[in-house]
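Visitor: Any chance you can model this:
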Amino acid sequence: MRAVITVIGKDTVGILAKVSQICFEFNANIIDVTQTVMEDLFVMVMLADISKLSESFTTFSDSLDQLGEAQNLKIRAMHEDLFNSMHKI
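Guide: Down below sits the predicted model:
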């Protein structure tokens, strides 16, 4: 099971580290990361293996949301099943 984590907001030092720390705390393994800074806007997409999460996906996602609120960022975690459901006929 995997999740796509997106982060968008004003660029500041440590965004990647803070998101990675939450992944570490929940035992989500980061598989791939792409990020860019467009002028002063930070944009990141992260793919994480969530098959061994230490807590529920909802709790993990909520923790990322809370980090986003605290850092004035939009952080969303979307379960792979959501993408699979969108592409079924």
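Visitor: Return the residue spatially closest to Met78, with its sequence-adjacent residues excluded.
Guide: With CB to CB, 6 or more residues apart in numbering as the criterion, Met78 has its nearest non-adjacent residue at 5.0 Å, and that residue is Val4. (C-beta placed from N, C-alpha, C; glycine too.)
Visitor: So which bits of whichever strand or helix holds the one you found are buried?
Guide: Per DSSP states H and E, Val4 falls inside strand 2-10. Neighbour counts using 16 or more other CB atoms under 10 Å place Arg2, Ala3, Val4, Ile5, Val7, Gly9 of strand 2-10 among the buried residues.
Visitor: In terms of secondary structure, what does the helix or strand following it contact?
Guide: Tracing the chain past strand 2-10, the next element assigned as helix or strand by DSSP H and E is helix 15-25. Using 3 or more CB pairs under 8 Å, 6 or more residues apart in numbering; DSSP states H and E as the contact criterion, the neighbours of helix 15-25 among helices and strands are strand 2-10, strand 29-38, strand 41-49, helix 57-71.
Visitor: The longest one versus strand 41-49: what angle between them?
Guide: Between the axis of helix 57-71 and that of strand 41-49 there is an angle of 160 degrees, by axes from the mean of the first three to the mean of the last three CA atoms, to 10 degrees.
Visitor: how about helix 57-71 as CSV, C-alpha atoms only?
Guide: This file holds the C-alpha atoms of helix 57-71, laid out as CSV (Å, rounded to 0.1, in the frame of the first residue of the first chain):
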residue,chain,number,x,y,z
PHE,A,57,-3.9,6.0,7.8
THR,A,58,-6.4,8.5,9.0
THR,A,59,-4.2,9.3,12.1
PHE,A,60,-1.2,9.6,9.8
SER,A,61,-3.0,11.9,7.4
ASP,A,62,-4.4,14.0,10.2
SER,A,63,-0.9,14.5,11.6
LEU,A,64,0.3,15.8,8.2
ASP,A,65,-2.8,18.1,8.0
GLN,A,66,-1.9,19.5,11.5
LEU,A,67,1.7,20.1,10.4
GLY,A,68,0.4,21.9,7.3
GLU,A,69,-1.8,24.2,9.4
ALA,A,70,1.0,24.9,11.9
GLN,A,71,3.4,25.8,9.0
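Visitor: Brilliant, that's me finished.
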